[in-house]
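1. sharing a model that was predicted from the sequence below.
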8 protein chains.
Amino acid sequence: MTEHATAGQGPGPLDGVADLDAARARRRGIPEAVYGPGKSVEQLVAIASALRERPDGQVALFTRMDVSRATAVTEALPGAHWDEQARLLAWPGAEPEPHGGLVVVACAGTSDIPVAREAWLTARYLGCRTELVVDVGVAGLHRVLARRTLLEQASVVVVVAGMDGALPSVVAGLVAAPVIAVPTSVGYGAAFEGMAALLAMLNACAPGVAVVNIDNGYGAGHLAAQIAHANPGPTDQ
Amino acid sequence: MTEHATAGQGPGPLDGVADLDAARARRRGIPEAVYGPGKSVEQLVAIASALRERPDGQVALFTRMDVSRATAVTEALPGAHWDEQARLLAWPGAEPEPHGGLVVVACAGTSDIPVAREAWLTARYLGCRTELVVDVGVAGLHRVLARRTLLEQASVVVVVAGMDGALPSVVAGLVAAPVIAVPTSVGYGAAFEGMAALLAMLNACAPGVAVVNIDNGYGAGHLAAQIAHANPGPTDQ
Amino acid sequence: MTEHATAGQGPGPLDGVADLDAARARRRGIPEAVYGPGKSVEQLVAIASALRERPDGQVALFTRMDVSRATAVTEALPGAHWDEQARLLAWPGAEPEPHGGLVVVACAGTSDIPVAREAWLTARYLGCRTELVVDVGVAGLHRVLARRTLLEQASVVVVVAGMDGALPSVVAGLVAAPVIAVPTSVGYGAAFEGMAALLAMLNACAPGVAVVNIDNGYGAGHLAAQIAHANPGPTDQ
Amino acid sequence: MTEHATAGQGPGPLDGVADLDAARARRRGIPEAVYGPGKSVEQLVAIASALRERPDGQVALFTRMDVSRATAVTEALPGAHWDEQARLLAWPGAEPEPHGGLVVVACAGTSDIPVAREAWLTARYLGCRTELVVDVGVAGLHRVLARRTLLEQASVVVVVAGMDGALPSVVAGLVAAPVIAVPTSVGYGAAFEGMAALLAMLNACAPGVAVVNIDNGYGAGHLAAQIAHANPGPTDQ
Amino acid sequence: MTEHATAGQGPGPLDGVADLDAARARRRGIPEAVYGPGKSVEQLVAIASALRERPDGQVALFTRMDVSRATAVTEALPGAHWDEQARLLAWPGAEPEPHGGLVVVACAGTSDIPVAREAWLTARYLGCRTELVVDVGVAGLHRVLARRTLLEQASVVVVVAGMDGALPSVVAGLVAAPVIAVPTSVGYGAAFEGMAALLAMLNACAPGVAVVNIDNGYGAGHLAAQIAHANPGPTDQ
Amino acid sequence: MTEHATAGQGPGPLDGVADLDAARARRRGIPEAVYGPGKSVEQLVAIASALRERPDGQVALFTRMDVSRATAVTEALPGAHWDEQARLLAWPGAEPEPHGGLVVVACAGTSDIPVAREAWLTARYLGCRTELVVDVGVAGLHRVLARRTLLEQASVVVVVAGMDGALPSVVAGLVAAPVIAVPTSVGYGAAFEGMAALLAMLNACAPGVAVVNIDNGYGAGHLAAQIAHANPGPTDQ
Amino acid sequence: MTEHATAGQGPGPLDGVADLDAARARRRGIPEAVYGPGKSVEQLVAIASALRERPDGQVALFTRMDVSRATAVTEALPGAHWDEQARLLAWPGAEPEPHGGLVVVACAGTSDIPVAREAWLTARYLGCRTELVVDVGVAGLHRVLARRTLLEQASVVVVVAGMDGALPSVVAGLVAAPVIAVPTSVGYGAAFEGMAALLAMLNACAPGVAVVNIDNGYGAGHLAAQIAHANPGPTDQ
Amino acid sequence: MTEHATAGQGPGPLDGVADLDAARARRRGIPEAVYGPGKSVEQLVAIASALRERPDGQVALFTRMDVSRATAVTEALPGAHWDEQARLLAWPGAEPEPHGGLVVVACAGTSDIPVAREAWLTARYLGCRTELVVDVGVAGLHRVLARRTLLEQASVVVVVAGMDGALPSVVAGLVAAPVIAVPTSVGYGAAFEGMAALLAMLNACAPGVAVVNIDNGYGAGHLAAQIAHANPGPTDQ
């Protein structure tokens, strides 16, 4: 058994745990993101400490952080900001100056708010101009129609919905911008933990819709930022 | 092996084939319906001949009839009417005098028309006042909103859609009447032969929606007629 | 970040949480319903307080309310009634004067009672004449046959069953009224949390059956009320 | 490459094709059965020729035989009997003298007849007293109740149904004998090629039901014969 | 709201809870069985009290009883016997005098023992001669081959297995008796809570196998007793 | 039956068939697209004729057109171009002048080419600068690494893959641009008609990936054009 | 549109079709394999012609070749050998001198022979010593036990089975060598095109089993060759 | 009830619990392994005690052992070693002298480490030379390419990955050795507890990959040891 076999046992803080990828941030122009659930508090603190010592000063995001993990990481990264609903921790906590096109995040129901906030804050910390619109489900069309002006200003719209996953089809029919659809696990019975919404969104009857994983607010916000950064957006024109 | 074992071999036209249920029509107030696909032309002609000799003169419907089966049955039941798109054969072919509330059948796309026509004609031959509205998918909301007045007159709305199955949620948010949703197998890939639309409809975010089997236009039309017959409907009030 | 981004943080009780839809009650003739599970106690109390201040005096229902949520909401809405088995909270707690056709709710087994009660109470608080029949599963046909007279008086029958989901087919063969089938998650193993019953009901061998989501007693009661209100029912004729 | 590698190429009729298991018939007391679909006409004729030369004179069954395969095998096995609906070929074609308890095969609809006949003929050729009852689906309970006396005489009941698969629960509630349930692929849409009926039957709400594979009439008939042969049955008592 | 609506609220111990079916025991020759999980302790005690007052003195079984429910019911039914592993409670606790053919219950692994014991005790309390054989999985064929003599004496064999569900095919190839296969939820990952074993058993490559629901030891024991009671079995011949 | 009921029977070429949406093109800035499979040759020709008479001169695309449909539509729309592999028909056939960022379409294997070409031609006819790269599956990493310079110039990359669906994760790790992943139905057995690739892509281990429906090259090309048009792309900077 | 966009249209035989990977053969020590179904006859002939001009003289395999494709490729590659059952075409057709450990391929039933032959011939053309054993399904254990001596000589065993997929568990319990399990799509109904066998094999109750895709005889033969080439095998020791 | 029925009740430590199979170790050349989850602490201690008294001194492994079970078994087997991350307990704890080819275990992400360690330690305790490589997911290809020299030295590579399951395809394209792929349940939403990775791996686009059950590190390590023991490996040549 050589030194490769020392996974998780070495003296350095990240030996055998993770291969922090600063080059990737430079290569892809995107900050580091750390997925919380699969890691112990100790592993997360070790990653946080290593981030603090990086010279590049880039933003780092920790996703799906419960309160105990968020508290421990905040101690290691003073000045970090944790959003309880979105379970997202950002460091540094100050939001960067926004630039590029507008990202609008819209969600169908109250229960979809945590995922929508994760998308919205991710785009915000990646440097986008953002808006969050809640409770515009298709059962009351007047609600989404009332936000039409705002939606038309977006360079990209993130649409978050559970249950029947119908909102992306409606929004994509209203706007010229691309739509990133996020199915949520909201619903019960034949919602099958978000599968119903996922399938509906993959079959959206309006073109211009692409889908990310169930409850993947981070992924949607990241992708929206990639699209919006290259796009000045209608409101700047 | 006793006489029970003579299935399909006896001299009478329906021995061992089907147990025509005239009492059921009386009991339930609903005409006989014969499902075509699982039966041979010979079996269908035997059933048709037996129907012709029944004294009650009730309407009979044959569903999912292709042209060869429809031709053979029409010979046995002169005056029958066959709708090629709906694949529905009705005997007698003359439509009964309509009564009760209005049944509106609305479908999302052109490809949903065969199933929508099956629902619409079923309700029509069961004695309902009916309307058929096509191509009102949610990707262009102005289309369904333009039919709002008609929809509000309905005692029951049958909504037919494939792909994302989003139309029933939108319609149920617009009308006070119950909505019968029919998923269709229209779509490809992750539509999974109508499963995506089925799941979406079962998770409709508006209350007042119930669902029938995929492509089951007959079942939706039948149920709509049951509801509308006891309901004078807004237009009669 | 504009004011749209203040979801869940504003001073008003419902800012960024939910868009209470009084117009919908007027538009659709149906009271407000609040789904409990996706919301915090604080959110539910905020909604309850807003409801109390609405001038219209309409009925409001809160579904799937556990004891702690029900207690908190009852404090905000004095006079509310909570049914522990159905987990349904109604405000005001007094039942409205019933009118229209009769809604009969029938369930197959003892374990289906909570869902059946949710359907029954929903229809009752929406103003229907109602009856609840329990333990009439098809393994003992004498039980459902003994209730045949009552079932025949219904304007609509809600049938609640888990496991094999066979009861709707049997009931729909006995009555002329439409049948709303509710699959429950009762069963184990290959019941797959209600999927077996759901599929069976979608394939009911009797026409006149439509299906709502698994365990969706509220949805079935709501739909039954829509149908029954326009229908005087056999017992009134 | 040794002689084991000569699969399908050797001079003997069955070299590398199948290992006819006469000892199994002796060991298990059950005739040989050959499943047709996976084999070429040549392979089936080779098996037939080998069977003809076996000295034991036992019954052999070929299942799922279409007309071309049946014709070829009948030439190799003169006196064989082929049932077109059941697609079953039996050799010798004369039915053995029946003994033991009564096997009743009941099917829900006309479309289930082919599978029901396969079960019924299998039990018959394995030496059982048999009865076949068709078109007793639960949508018209009077039909199955009319056969109650016959069903109560059975030592074992084979129940064949597609769509909602509800009939086994009803029959098992009526009789004291074990019930072998056979789901069929009859139905469309959410029947999912028999999966709905299969799941319903596995969740039968009456005890005393076991299930075989979808459309597996042969397996049900075989199992019924095993049960009935050791059972004199009510009619002999 | 009439008296039918008093489900679960009436003064009688079982009003609106369950319709105890003594006639069924007489009709089907099988004792009452009460499924524990869907019922409260209070409901179970009410059922137990009603059973104690029945004059027929028949055996009653309560399935899937955890320790708290078992304790409460035992207080209501003195002399009851509870098997902790099988979670089965029998009343009266004394085993009846066995008669008829032999039921052999065989299970593949140690983890399958609880389900196997449920089947074995069910058959035992229904009056059968029984044997229980454990840990005869197919990965060590010598184990099942060592029990061949016992297996050949059975009138019916119940085979319990999780994971690959391979044991029923092997046992059915060794014996002439019918095999009742019980898939268990033992396994992980792609075992999908017993679905892998269930599918394998439905596709058993030996004829003479029928399948009950996942983990349904009670159902298998019940069915085995139905088969064995009419069968003297090899050991009595 | 009013005039709404004349679906498919009226005198105008599109009455009751489709509601051509010229306003949508203006509203969304995207040409009309007609999905071929659900429509008859007659319906397609009617739509083509109506398009020809529209004054706006916009591009129209017909997707999934087999040779017979393409021939008929080309007669109605002289100058149309049909790509046999992509099954895409464009009218007018001349490609518009490209503008905006670069769309790179990359596919994993030879069998993915038809879907990749559909995406590539769609983006091209919607006015994008495009490149198509084939046969860069991850089993030979040197192939995709050899195209790295081209990939880095893209404003958006469409990645088409069947089987394991691994290519989007690899590409998204190499580029800063957003990735639109298209699963194809290429593969067999446990590929389950593209489900394996779909699930893999939804779980891409690199951020910046969104997914469209299986084989939906049109949807990917459309979305890519929306993104690229607002993006000058690295090569123009 | 640059030259990258010329997919399938260039003058060279493989431009835009496939990137023949001679370096891979050198890198991995394994010949080229071409999957037939996704390619036109013209594409296959182009690949064949390119292979013929490669100087390395390595073996090439074409899988799943029907008779028309095999005929066309054989004209382009004189001396190729096509096995009709396995649908495998090898060039050059002469088998290489075998070396290394023994590969035994065993299949459960006659219908599994085509997949078994594909595995067996693949290993043979990759230079292995091979044996093929057919019809050793677990329903007759004496058949597999009779081949125990041969199985124990193997360096690796490929086990091919459909239906219940039980054979790999049994074989892995008998031998010390690794077992490669190949599920086949043999079976019907709940076999779900090989899914039942696939799941069973993934849950094999004996350690030492790994699984390849459904019907993937080529993959199993390739993997077996990789294992056997480094292993002299018991028979050489 | 004979002595066979005394499962779990007898005086000997393993009566009715497990049939410890020392002969199997000899027959297959592989130590005993005990799967922890399905067994009580008492059953595990009984097995441990029996192992301690076996004269053969072979290694025994206990898998998926939580801390309480590990503590109890370590008391019964002094000198045992428990790895907390891998949840694997080995007795004796001293690692055997390694021999044969090199086993390299590579995992994609930090969350996959527990399963990777289980595979790595299993191979190590079965006597292999081993290396463990972590965090080489395909989103950063430079990581896996940096380990290419080590990977090329392996006689067999175990690749552990969740989410998109893409790593085995990439690794199999880089090395000549066989690849054992282990899907993990790492991921969320449409990862469906490892199903996405499982399907991707079964469809790996590089040949030379076989798959074990989700999270089955033990199975992969066992199979790798079987392969490597017969293989001196590149580093020894």
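-> All right, it came through fine.
2. now A:Asp83: phi and psi?
-> phi -100, psi 120 (degrees, to the nearest 10).
3. low-confidence ranges in chain A?
-> Scanning chain A for pLDDT under 70 picks out A:1-30, A:55, A:232-237.
4. okay, now the domains of it?
-> A:13-91, A:99-230 (the TED database).
5. A:Gly57: neighbour count?
-> 6 (other CB atoms under 10 Å in any protein chain shown). Using the backbone N, CA and C atoms, a C-beta is placed for each residue, glycine as well.
6. and the gap between it and G:Leu51?
-> 55 Å (CB to CB, to the nearest Å).
7. ditto for A:Glu193
-> Applying CB to CB, the value for A:Glu193 to G:Leu51 is 48 Å.
8. is chain F within reach of stretch A:89-104?
-> Yes: looking at stretch A:89-104 against chain F by CB under 8 Å from any CB of the partner chain, the contacts come from A:Gly101.
9. what's the first-to-last distance across that stretch?
-> Length of stretch A:89-104, first residue to last, CA to CA, to the nearest Å: 21 Å.
10. now it: buried residues?
-> The neighbour-count check on stretch A:89-104 (16 or more other CB atoms under 10 Å in any protein chain shown) flags A:Leu89, A:Ala90, A:Trp91, A:Pro92, A:Pro98, A:Gly100, A:Gly101, A:Leu102, A:Val103, A:Val104 as buried.
11. ranges for the helices of chain A?
-> Under the criterion DSSP state H, chain A carries helices at the ranges A:22-28, A:41-52, A:67-76, A:113-125, A:141-146, A:148-152, A:167-172, A:195-202, A:217-229.
12. what about the residue most central in space within chain A, distance to C:His142?
-> Nearest residue to the geometric centre of chain A (CA atoms, centre = their mean): A:Tyr218, 1.9 Å. From A:Tyr218 across to C:His142, the span is 58 Å (CB to CB).
13. same question for A:Leu199.
-> A:Leu199 is 43 Å from C:His142, by CB to CB.
14. so for those two, which residue has more residues nearby?
-> A:Leu199 (28 against 13).
15. OK, contacts around A:Ala139?
-> B:Ser169, B:Val170, B:Ala172, B:Gly173, B:Ala204, B:Cys205, B:Ala206 (CB atoms under 8 Å, 6 or more residues apart in numbering or on different chains).
16. what about the second one, how many residues nearby?
-> Counted by other CB under 10 Å, the residues lying close to B:Val170 total 29.
17. could I get the buried residues of stretch A:89-104 as JSON lines with distance to G:Asn213?
-> Output for these, formatted as JSON lines (distance: CB to CB, whole Å):
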{"residue": "A:Leu89", "distance to G:Asn213": "41"}
{"residue": "A:Ala90", "distance to G:Asn213": "43"}
{"residue": "A:Trp91", "distance to G:Asn213": "44"}
{"residue": "A:Pro92", "distance to G:Asn213": "48"}
{"residue": "A:Pro98", "distance to G:Asn213": "48"}
{"residue": "A:Gly100", "distance to G:Asn213": "44"}
{"residue": "A:Gly101", "distance to G:Asn213": "44"}
{"residue": "A:Leu102", "distance to G:Asn213": "46"}
{"residue": "A:Val103", "distance to G:Asn213": "41"}
{"residue": "A:Val104", "distance to G:Asn213": "43"}
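18. what number of residues lie near the residue nearest to A:Leu167 when sequence neighbours are not counted?
-> Nearest residue to A:Leu167 in three dimensions, chain neighbours excluded: A:Ala161, at 4.3 Å (CB to CB, 6 or more residues apart in numbering or on different chains). A:Ala161 is flanked by 32 other residues according to other CB under 10 Å.
19. right, and A:Ala161 touches A:Ser111 too?
-> No: using CB atoms under 8 Å, A:Ala161 is not in contact with A:Ser111, being 10.1 Å away.
20. hey, what's in contact with both of these two?
-> Common neighbours of A:Ala161 and A:Ser111 (CB under 8 Å, 6+ apart) are A:Thr184, A:Val186.
21. OK, contacts around the residue of chain A found nearest chain F?
-> Here the residue of chain A nearest chain F is A:Ala210; by CB to the nearest CB that distance is 3.5 Å. Taking CB under 8 Å, 6+ apart, we find A:Ala210 in contact with A:Pro178, A:Val179, A:Ile180, A:Ala181, F:Ile180, F:Ala210, F:Val211, F:Val212, F:Gly219, F:Ala220, F:Leu223.
22. burial count for the fifth one?
-> Other residues lying near F:Ile180 total 30 when counted by other CB under 10 Å.
23. cool, and the second one?
-> Taking other CB under 10 Å as the neighbour definition, A:Val179 ends up with a count of 33.
24. that one bridge partners, please.
-> A:Val157, A:Val209 (DSSP bridges).
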